[in-house]
Structure formats: structure tokens, C-alpha cells
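Visitor: quick one: sequence and predicted model below, then my questions.
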Amino acid sequence: MPKILLVEDNEMNRDMLSRRLQRKGYEVAIAVDGLQGVEMGRSGDYDLILMDMSLPELDGWEATRQLRGVPEAEKIPIIALTAHAMAGDREKALEAGCDDYDTKPIELQRLLSKMEALLTSEA
Amino acid sequence: MTKVRNSVGERSETSNDLGLRQAALLRLSTNIAAAGNEKEICEAVAQGLYDESLGYDFVAVLLVDEATGDRVLTASVGWQEAPPSLRMHPGKGLSELPLLDGELHYTPQVTQASRYLPTRNEGSEVDVPIQINKQLVGVLVVESNRPHAFAPDDLEILRAAANQAGIAIGSARLLSAERQRADEQEALLATLADLSAQLKLSTLLQAVLERAVALLKVSHGELAIYEAPKQELVVVASQKVGKKDTTGVRMKLGEGAMGQVAETREPLLIPNYEEWAGQSPQYTQVEFHAVMVAPLLMGGQLVGAIAVMDKDPNRQFGEDDLRLLNMFGPQAAVAIENARLFTAAQHQRQYFEELVQNSPVAIVTLDVNHDVVSCNPAFQNLYGYSEDEVTGRNLDDLITTEATRQEAVGYTRQALDRDTVKVISQRRRKDGSLVDVEVLGVPVIVDGEKLGLMALYHDITELLEARKEAEAANTAKSQFLANMSHELRTPLNAIIGYSEMLHEEIAETEQGDLADDLQKIRGAGQHLLSLINDILDLSKIEAGKMELLTEDFDVRATIDEVTTTVMPLVEKNSNQLDIRCEDNLGTMHSDPTKVRQMLLNLLSNASKFTDGGTITLEAIRRAGTNSGVDILLFKVSDSGIGMTTEQMKKLFEAFSQAEASTTRRYGGTGLGLAITRHFCRLMGGDVTVESRLGVGSTFTIELPATLESPEVSDTDTGSASN
């Protein structure tokens, strides 16, 4: 059972996505802002991180960069999630160290296929 | 004037008498020589011959009036009462005899002569012709109270006297003609001088009239201009015509002497105005008799009339007078025409000057050296320079900055090169401040000669501010739409997401009724989301912020993805989807998200407007005609309701479904096709439609397989027409 870290500040999105992922059989841990995301992620306990980009305290790009500097977490696949994509968001996310990128609103099937792709290649 | 004297026959022929006669003849010659004009010559002849030593009783000189042939009594001395200017008509009197044959006629006994006018009982008479170069101009008449009074000697004396008179009169006439010519010349020269002095028309015409009056030696004169539009003559110059100044008097065509001339365009001579039937009611109480009027013509066109009148009842106008009056005609006509042209030109000039002076746009004219010739008040207001400060100076030195100088000089050259310049730029005021201006430069070419240029400066500060404000407002609008869409989407995502989750859970627990309701909530949420996404797309397109994110992608895979997504919609109306893809579709380098969105849009439209029919998606790759870049064609055909030509016209405009009722029946925003067309054009292609009402429609998207140098990437908005 893959362990997923969901870093998301919006309570409803967090609740919704975590429950849907759990129903699909994932084990989901939650972080509510960038700082907590880095703190939890640096343990290296997760198979994949879903990272919202606009986060309080520490934004998703910075959190990703910090995680990439931690040996335990540097190889964990990270998928960037953002609500309204701005020019160059994707490049910025990939530069920061994300492995893929998806836009909100979440289309579950699309996200799942992206997650599966990364988890499979990891495995 | 009767005198009692010795008659010729009574005198004694003594040597003393002879001396006296010779002395008398000598005096005669001296007096003739001293005489200044014809009349004085004639008087000298008459006086000289009426000498005691000669013993004649009556001496007269008659001159022939060339016009009438009358003999006019010019001088007489002796017993006979002779009224001045007595006229003798041809066919009467002894004195005509020399004029008929050029010979001296001696009538020894006048009572026996058939031609004799019975003024006395008897006597003798000698009539001698007076000739100028063989031309008979008059008669010397000498009478005696006695018959047979003249001896051959007398005849010789009289012949000699007539001869002398002829020579003297000839000289006097020559002199007079010479003087007349000189006077005419002078008057003409003076008139020409007036013309070239460009005096005021009324002054000029008054001068012309005064000269005509002086040259013709008449007492009155009047000059009128013809006003063609009113068909009236108006008096513009007057010389003592009425008791009041007649200047300004108007006459209709045909009214009075001038009006008649204006109508006939022929000169008119009236011997006695008082008896003339054609008098104008405006000219009744007048103090003149003879009147002569001549039309003023210019190139066959009537421009006015000139009249002279004389108060002397004996003055008659003849051919010579008319010739003189006509001499002024062309002068006056030219003067009037010149003045008209001058006034018209001046008026025209003033008109344009007024335009320039009052123009709210700054206007400056330059010579070919780029130096200022003139500028209008608006220019002075705009730049703060007075006209004196700029005149003669290089314009570009005055109103440019370092940054704009080169460019401005270039424009000046361009405008001088007969090219119109229209640019928006910035110029410097006298105080150094800058002003945004629209500059318009045009060459000034007169008669093919390049004189310089005219530059117009329109202060567009307010215009630019208004534009900035408008742009800011538009940006704010776009920003507002973007923000609002985002804000709307967040709760919507929750609605959709939770309803999906519930739907999944309920499906597992097999609570079918609830599942349907949840599906409706989700469907409505999706619809609302797609509306918001479309609005966001359009606002981005309008703001010019819709950017392309290009990458290589497989065309066939994209089509498969789209068909999967659209399948539920196709099946909803019991339609069939027919996919016809050629094998050579290959990859595209373009924005895949937008390609997907467009295909989805066309397919979902086709599904909506077709019931139990077939929807076909055809994809073709073919070689491009011009650029060498391949073209991809995506054709979406349906067997649906179709459209009329009218409907197709507005099809690609925002918020226009073919009919308002369509929206209610089939749903949708009416934005999809507008967005599709914008996207197509952004990506270097286009979308077209063919349709027949009740038969179906075919939409064709045409896109280059490789999109060259696209705008720097922007990811899409997350909009998905799912």
C-alpha cells in the first residue's frame, strides 16, 4: 500500500482528495502548509508527495527545493498541484524538483494515472 | 455789326494805297502766325481783310463740319449780322461753290446769282476755297455792297489770304491732333498706372471716370458695374451727375440710358436727354443735354457701363467722342475684373488665414531649409514660443529632445520629399516640459515648386491618458474576471468533488435513487465550471493574454483521448461516432491542450445538435501549399439540425448561438465556437463551417502541423471541457 503525503492548505480539497485516495487504496498523510510538508517529507517515509504550490508559510516550490536537499527525501516523486496556472508554473515546478505537474480541479483518473506512472517507475 | 465804309470801287489807286494794302497784308500774315487755334486764325483772317485800305464790306471765314458737311461760321466782320456758329447746310449759298470745284468764285452781281440768299439788294462777292493739302476745309467769303467791286488784284490778295489761312489752319489742326493724342496718351498712361497701383476699386473707377470726363471735356460722367447675379447695374463712380451723389444707384437691365446699353451692349448717343423717352425715373431732374453711354465689356462679358454728359446745349457727341470714351472701356473693364479677382483672392486668402489662425491644431510652416516661416496661435500655445521666437529658426532645434531629434529631422526630410508623415511622438516645449503629440507633416508644393512643408501637431496628452485609463480598466476587468473565476471554481470544485465521492460510495452501496440525483448535482456543477472556464478563456483572449504552450504530441493519441472523453455525450442522444483517421497523422508541434479543447468543443456541439444520427471526426494530414509546413485538417460532421446562412454569419461571435432559443433547448454558453476560432487563429490556422438546414453541419479546423516561434509558454487555465 503506497504511502502518500498530501501537502494542501485548503481543508475541503485536503479532505476530499485524501478520502478519495484512501478509497483507492492509498495510505494518506496530511501536511497543512509548506513547513509541515518539509518536516514530514524529510523523514523519507513516503512513496509519493502531492504538493500544492500556493501554500502558507513556505510555498510549494520552496518546500520542494528543500526536500530535494535532504538525502532521505531527494528521490521521492513529487507531483505539483496548482489551482490557476500562471505563465511558467510548470517550468518553475520542474525546476524546483517536481517530477510531474497537474492542475486543479483534480480529475481523479488523470491524477491517478500520473501517480501510478511515477510509483511504477520507482518500483 | 454794320459799318459804313468806302467800298472797293471808291478807293483811289495811289501808290500810298498800295503801300497801305501791302502793310495790311503783312499785318494779316503776322496775326495769322500769332493765332493759337483755328478760331483765332479765322478771326485774324477776317479782321485782317476788313481793312480800310482794302475797302471790303464783309469778311467771313466758314469751316466745313466734316460730320455734316455744314459750313460753320467761324469768324466774320462787317455789315452783315452773323450769329455765332451759324450753320449753312449743303446745297445752299454762294459760299458752297468753291467747295464743289475747289476754285475761286467771283460773283460780280449777287442779285443775278441763282444761289444767292436774298439778304440784300445788290453787291458783289468773292468766295475763295481754303485748302489743307488740297483738301477743302472752308471758304473765305468777302463781299462788297457794290456790284463789280473786285479787281483781279483783289482776287489775288484774297487767294493769298485763303492760302495762308489754309496753311495756318492745317498747322493748328496738326498741333491740336498732336495735343489730343498726347492727352490721350497721358490719360491712358495715368489709367494704367492706377491699375498697376492696385487701388481700391471705387477709387480706381473714380479716377478712370475723371480722366474720361477731362479728356472728353464734358461736364458730367458716371460709371456703373454690372452685377450679373442680380442683373443690375450699380453706380460706383459719379461726376456731378445729380444734385446728390448718384453713387450706389441701382438700375435694372433696360432701365434708363445705362440700362439700355447694358441690355443691348451697344453704345448709345442721346442728343437731348430732356426729350428722350427712355429716361429712368431715377434720372429726371438733370442738368445735362447730350448723353453718350458705352458698354464695358471684358471678353464679351458685360462688366459695366460708362456715361458722359454735357450741360452745354450746343455740345453734340460724335464718332470721335465715342472713340475716346471707348478708349476707357477696356481700362475700366480690366480694372473691374482685376479688382474682382483681387478681392476674390484676398477673400480666399483671408478665409484660409482664418482657418489656420483659429485652428485648434498647432500649425507651422517650414521652408526647404527646415526653418520656420510661420506658425499659428495654437502652435504658440502648445509650445510656449511666440511667433517671433520661432520665425527663421530651425524647428527641430526648438521642439525636440535629444531622444527625438534624429527621428524628427528624418520626418522633416520625409515630408519635404513629398511624402506625408503621420506619427505619434513626444516634443519639447519652450519651458522644457514634454508633450505627447500626433505629428502630421505634408509638403507644400505650389505650381510644381517645392516651397517647404506644413506640420500639424495635435496634443494627445488627454487622448493617451484616456487610453491608459481604458487599458487599465480593461486590465482590471480581465483581472477581476480571472480572480472571480478562480474564486468561483474553488467552491465548485468542492461541490463536484464531493458529489463524485458520494456517487462512488452510493454506487457501492447500491442506493440507486440517490445516485441519479447526485449525478444531476455533479452535471450541473460541471456545466457551471465549463461556463466559468470559457469566460476566463475569453477574457484572457480579449486581454491578449492567452498564450500558447507548445510541445510535440501524437495526433492519433490526442484524438483517442478526446473521443473517450466525449463518448458519454455522444451516446446520450443516441448518436454514433465515426472516427476516420489516416495512418500518416504523425505528431504535431502545437498546443495540445487547446487542440483537445477545440475538438471536444466541436464534438460536443455536434452531439448536442444531433439526435439519433452520426457524428464523424475525420483527420487528414497533407502537405502545406506555401510554407512547406504540413497542414492538419480536423473535420467534425453531423447529421443534425443544421443552420441557415444567416445563422452561420454570427456563429463565431461570442455569446451567439444560432438562436437564443437554441441555448434554452441545447444548453451551452455560446462561447465555445468563439474560443475555438480565437485558438485556431492564435495557432496559425482557422475554423470554417458548412451547413444545410435540416441536413447537418461540418466544421473544419485547419492547423499547421508545426507552429513556428510561438508565444512564450503559458500553461492553460485548467479549463477542461470535460
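Guide: That came through fine.

Visitor: may I have the lowest-mean-pLDDT helix or strand in chain A as PDB, with CA atoms only?
Guide: The helix or strand of chain A with the poorest confidence is helix A:89-96; it has a mean of 79 (mean pLDDT, DSSP states H and E). In PDB, the C-alpha atoms belonging to helix A:89-96 read as follows (Å, rounded to 0.1, in the frame of the first residue of the first chain):
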ATOM      1  CA  ASP A  89       4.400  27.500 -13.500                       C
ATOM      2  CA  ARG A  90       5.200  24.100 -14.900                       C
ATOM      3  CA  GLU A  91       8.800  25.000 -15.700                       C
ATOM      4  CA  LYS A  92       9.100  26.500 -12.200                       C
ATOM      5  CA  ALA A  93       7.700  23.400 -10.700                       C
ATOM      6  CA  LEU A  94      10.000  21.100 -12.700                       C
ATOM      7  CA  GLU A  95      13.000  23.400 -12.000                       C
ATOM      8  CA  ALA A  96      12.200  23.300  -8.200                       C
END
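
Visitor: and the next helix or strand after it, what's buried?
Guide: Note on helix A:89-96: by DSSP states H and E, the next helix or strand toward the C-terminus is strand A:100-103. Across strand A:100-103, burial judged by 16 or more other Cβ atoms under 10 Å in any protein chain shown covers A:100-103. No exception for glycine: its C-beta is placed from N, CA and C like everyone else's.

Visitor: does strand A:100-103 reach chain B?
Guide: Yes. If you take Cβ under 8 Å from any Cβ of the partner chain as the test, strand A:100-103 does meet chain B, through residue A:103.

Visitor: what's the spacing between whatever helix or strand residue B:407 lives in and its chain's center?
Guide: In this structure, residue B:407 sits in helix B:402-416 according to DSSP H and E. Averaged C-alpha coordinates place helix B:402-416 at 33 Å from its chain's average position (Cα atoms, centre = their mean, to the nearest Å).

Visitor: before we move on, what about stretch B:539-552?
Guide: Offset of stretch B:539-552 from its chain centre (Cα atoms, centre = their mean): 56 Å.

Visitor: before we move on, what about stretch B:435-448?
Guide: For stretch B:435-448, the distance to the chain centre is 21 Å (Cα atoms, centre = their mean).

Visitor: next up, phi/psi of the spatially most central residue of chain A, please.
Guide: In chain A, the centroid-proximal residue (Cα atoms, centre = their mean) is residue A:50; its distance is 1.5 Å. Dihedral pair for residue A:50: phi -100, psi 120, per degrees, to the nearest 10.

Visitor: what sits opposite it in the beta ladder?
Guide: For residue A:50, the beta-bridge partners are residue A:6, residue A:79 (DSSP bridges).

Visitor: so what's it up against?
Guide: A:4-8, A:17, A:78-79, A:81, A:111, A:115 (Cβ atoms under 8 Å, 6 or more residues apart in numbering or on different chains).

Visitor: how close does it get to chain B?
Guide: 14 Å (Cβ to the nearest Cβ, to the nearest Å).

Visitor: tell me the pLDDT at that residue?
Guide: As predicted, residue A:50 sits at a pLDDT of 95.

Visitor: likewise residue B:156?
Guide: For residue B:156, pLDDT reads 88.

Visitor: sec struct for it, please.
Guide: At residue B:156 the chain is in helix, as set by DSSP: H, G, I helix; E, B strand; the rest coil.

Visitor: if we can go back for a sec, could the buried residues of strand A:100-103 go into a markdown table alongside pLDDT?
Guide: Formatted as a markdown table, the buried residues of strand A:100-103 follow (pLDDT from 0 to 100):
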| residue | pLDDT |
| --- | --- |
| A:100 | 89 |
| A:101 | 86 |
| A:102 | 87 |
| A:103 | 80 |
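
Visitor: ok, of those residues, which one's closest to chain B?
Guide: Chain B lies nearest to residue A:103 out of these, by Cβ to the nearest Cβ, at 4.0 Å.

Visitor: wait, isn't the closest one in contact with residue A:81?
Guide: Yes. Residue A:103 is within contact range of residue A:81, at 7.5 Å (criterion: Cβ atoms under 8 Å).

Visitor: give me the number of residues near residue B:370?
Guide: 19 (other Cβ atoms under 10 Å in any protein chain shown).

Visitor: from chain A, how far off is it?
Guide: Distance from residue B:370 to chain A, by Cβ to the nearest Cβ: 47 Å.
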